[in-house]
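*Asks:* no FASTA, just this:
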């Protein structure tokens, strides 16, 4: 696997993406499937490819990602962060551009845990005065 330029990790919610960049023509595969077939929704494909579009390097690199955990939207966010981190390891001058477009920020929002004595994270059992 000498042709791998860089490998990086992205996370979002419960999803973890391992992203590898290679010199290529812009082909993107996720878990062995073409990116359009894997995500299905055009908005998720656009979200995942955003760092490449912002840096004008869509046609320069092939993306190969392995994603597990979470749902499709979280996985798309994880792939996006992984691609952005991989791009800055190749070219550190892209940091300002990617940071300005909020591509390098790890989204800290996670599912809130369920608390004891109630049915969910925020929901309470019905209160009865009498």
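*Replies:* Thanks, I have it. In this text the structure is predicted, and so the values were computed from the model without any measurement. Numbering: from 1, shown residues only.
*Asks:* Please identify which helix or strand holds the closest residue to residue 39 other than its chain neighbours.
*Replies:* Closest residue to residue 39 apart from its sequence neighbours, by Cβ to Cβ, 6 or more residues apart in numbering: residue 45 at 5.2 Å. Quick note: C-beta positions are derived from backbone N, CA and C, even for glycine. If you go by DSSP states H and E, residue 45 is part of helix 42-54.
*Asks:* Please list the outside residues in contact with that helix.
*Replies:* For helix 42-54, contacts defined as Cβ atoms under 8 Å, 6 or more residues apart in numbering pick out 26, 28, 30, 35-36, 39, 58, 61, 63, 72-73, 76-77, 79-80, 83-84, 87, 97-98, 101, 103.
*Asks:* From the residues you listed, list just the buried residues.
*Replies:* By neighbour count, with 16 or more other Cβ atoms under 10 Å, those hold 28, 30, 35, 39, 61, 63, 73, 76-77, 79-80, 83-84, 87, 97-98, 103 as buried.
*Asks:* Next step: the residues you listed restricted to strands.
*Replies:* 28, 30, 61, 63 (DSSP state E).
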